[in-house]
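Q: Got a sequence here, can you model it:
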Amino acid sequence: MRKRLIQLAATILVLLAAAAAWLLGGAGVANSILRVGVVATGAPLIWRTTRGIFRGEFASDVVATLSIVGAIALGQPIVGLVIVLMQTGGETLERYAEGRASAAVRALEAAAPRTARLVDAGEIREVAATSIAIGDLLLVRAGDLVPCDGVIVDGDSDLDTSSLTGEAKPLHASAGTNVMSGMVNGLGAFHMRASAIAAQSQYARIVELVRTAQASKSPLQRIADRYAVWFTPITLLACGIAVALTHDWTRALAILVVATPCPLILATPVAIIGGINRAAKSFVVIRHGAALERLGSVDAAVFDKTGTVTVGKPSVSAVRTAGGIERDEVLRVAAAVEQFSSHSLARVLVDFTNAAGLAIPSSSNHREMPGRGIAGTVDGHVVTVGARSFVIPICTDTTSLAALEEGTGALRAYIAIDERLVATIEYADRLRPEVGTVMDALRTMGVRRVALLSGDHEATVREFAQRARFTEFHGDLLPSDKVRFIETLRAAGNVVMMIGDGINDAPALSSADIGIAMAAHGGGITAEAADVVILADSLEGIPEAVRIARRTLRIARQSIWVGLGLSAVGMVAAAFGGLAPIAGAVAQEALDVAVILNALRASISPNATSHERTARRDLGFREASRAA
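A: Residues are numbered from 1 along each chain as shown. Next up, the predicted model:
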């Protein structure tokens, strides 16, 4: 883009210098400046187009290049300079609309496990993760990244697997549990035996999936070049007929000048930049023009579950009680001990109890086993809260166990009072309230196939899919499985957009035609791998982005067709000698202004959408929270 800016500035300077020389009475000097200037500024453009032709690229630049060559050959430098000005201006706008390349692979590699604690002859040594061999015994302490795939030998802990599976529910791991690189250890410590070297472990596979997907995604053909495939031959044919009948090469130059596809070169980038700016007002970041073009053509959508279709944070979904104890009493005493626990679900229970307006009593004598449960004394009674394996063994009365475990295999905390099992509290993610509206909007827009994918269990995914009105869903998926699903859709001819929010979604986002990241809570690597980023914590930005993209492309095509129609009229006039080259250049510049003004409509929005209002409220609240 820098080279084109220099070329554009040089063209403007040549025209200004020639104008100044002419005003000062130096017509000969002005003509010399124009002749030298058109060669100097036109040569790079001619060279780029010539290289493209030899590579088989029959683009819209061909007619403009022939106009410049013709203007130089026939001694009409000002005509050539006007074409150079238009062409370089359009190319500069296109480069601006293309945006920047994704840094997803670099971000993923920066977050990869770097070190490991090797247990060797009873000693613990910190080594590079890349030096781990299969069979090595490793120590993983609290807060560490699991450095490679392996099996736990002893110890237990809760592991954050969200970077790999996208699931907010922690994995309780103990001896015999398979673990994967990239998982984050909780409060416990454990020994593990490496089953794969770091370069062949799960996290490394995610990095390679993203790199492969980005490298294999074919570039989008410019709208201008699609139209040029038929418009350019027609123009060249018209020139050939005019010269054959009149033997006047000036008429051929006039036809080329009038036919120089200013609408093709200018309308699309101006409209796309306008559409990108319009989307930004709705808190939707479209990274480049190709993304906007693809977004306008999507007919299939693939959604991640956790954090995308759902809120992504566990909440209390049910409280089951037995033995006559009241629900509110269970919440009060459980929260009394849980407020001293380090477990992530403990905070959820305390917040839920506070939100219910229940007074949480004080507690004492706390005894916690990290990752498993906690016990304490509340109003003279011993209250135990935690996992089944922590609570049930200490109970002398478990007669209510079968009743409390009825239903699906939900994530549960068990509550015992004085060694009697009295309740279970179930946790589940919540469906976003706008999901149904978004699904209806996408189907109305012609998105024929909508699927829900997740690393969560198939039964859980089925439950959410039915509630959210997904007809297609798949669970128990790794990142590579999601990529394969998207590749299958694309192979069937679908233009696919993938919507996700976690590191595990990065390969799928990169492999889809359009990757959309929900980045209201940060985004990070996921946002880097995506073509479109939704800043607000709402799915409503997705159909809004599709609407903006389709309107933008519609405006661009309107400008192109009107512009080409007027160019065709000018070509007929030039062929019959009614339009000289310099007059044709002036007429083209007038047409440029009209095309740009029409394309600018893509940036105009009559009213704020509901998504935009929601986004402003959410982002304003977060800014206020940070300030506080």
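Q: Kindly state the beta-bridge partners for Tyr414.
A: Here Tyr414 sits in beta bridges with Gly386, Thr424, going by DSSP bridges.
Q: Number the residues from 543 up from this point.
A: All set: I'll call the first residue 543, so the last point we hit is now Tyr956.
Q: Tell me who's in contact with it.
A: Thr926, Val927, Gly928, Ala929, Arg930, Phe932, Val933, Ile934, Leu946, Leu963, Ala965, Thr966 (Cβ atoms under 8 Å, 6 or more residues apart in numbering). Using the backbone N, CA and C atoms, a C-beta is placed for each residue, glycine as well.
Q: one more time with 7 Å, if that's ok
A: The contact partners of Tyr956, by Cβ atoms under 7 Å, 6 or more residues apart in numbering, come to Gly928, Arg930, Val933, Ile934, Leu963, Thr966.
Q: can you pick the most crowded of these?
A: Most neighbours among the contacts of Tyr956, by other Cβ atoms under 10 Å: Gly928, with 26 neighbours.
Q: Am I right that that one is in contact with Ala955?
A: Yes - counting by Cβ atoms under 7 Å, Gly928 touches Ala955, with 6.4 Å between them.
Q: Could you look up the SS state of Thr919?
A: What DSSP: H, G, I helix; E, B strand; the rest coil gives for Thr919 is strand.
Q: That one reaches Asn907, doesn't it?
A: Yes - Thr919 lies in contact with Asn907 (Cβ under 7 Å); the separation is 4.4 Å.
Q: who's more crowded, these two?
A: More neighbours surround Thr919 than the other of Thr919 and Asn907, with 16 against 10 (other Cβ under 10 Å).
Q: what does the helix or strand containing Ala1129 rub up against?
A: Ala1129 is part of helix 1123-1141 when elements are defined by DSSP states H and E. By Cβ under 7 Å, 6+ apart, the residues outside helix 1123-1141 that reach it are 618, 620-621, 624, 628, 792, 795-796, 799-800, 802, 804-805, 808-809, 812-813, 816, 1097-1098, 1100-1101, 1105, 1108, 1112, 1116.
Q: quick one: the helices in the stretch 893-1042 of the chain?
A: Per DSSP state H, counting those that start in this stretch, the stretch 893-1042 of the chain carries helices over the ranges 930-933, 943-946, 977-986, 1000-1010, 1021-1033.
Q: Out of those, which gets nearest to Gly831?
A: Nearest of the helices of the stretch 893-1042 of the chain to Gly831, taken as Cβ to Cβ: helix 1021-1033 at 20.5 Å.
Q: May I see the buried residues of the closest one?
A: Neighbour counts using 16 or more other Cβ atoms under 10 Å place Pro1021, Lys1024, Val1025, Phe1027, Ile1028, Glu1029, Leu1031, Arg1032 of helix 1021-1033 among the buried residues.
Q: residues in contact with the last one?
A: What that stands for is Arg1032. Val1038, Asp1055.
Q: Where does pLDDT dip in the stretch 893-1042 of the chain?
A: Where the stretch 893-1042 of the chain drops to pLDDT under 70, the residues are 949-952.
Q: Try it again at 80.
A: The model of the stretch 893-1042 of the chain has pLDDT under 80 over residues 912-914, 948-953, 971, 998-999.
Q: and the angle from the lengthiest helix in the chain to helix 977-986?
A: Secondary structure of the chain read by DSSP state H shows that its longest helix is helix 1083-1117. Compare the direction of helix 1083-1117 with that of helix 977-986 by axes from the mean of the first three to the mean of the last three Cα atoms, to 10 degrees and you get 20 degrees.
Q: Need the residue closest to the centroid of the protein.
A: Ala1072 (2.3 Å; Cα atoms, centre = their mean).
Q: helix or strand for Asp700, which one?
A: Per DSSP H and E, Asp700 falls inside strand 699-702.
Q: pretty sure Thr1094 is touching Ala1144, no?
A: Yes - applying Cβ under 7 Å as the test, Thr1094 and Ala1144 come out as touching, 4.4 Å apart.
Q: so what sits against both of the two?
A: Common neighbours of Thr1094 and Ala1144 (Cβ under 7 Å, 6+ apart) are Ala813, Gly816, Gly817.
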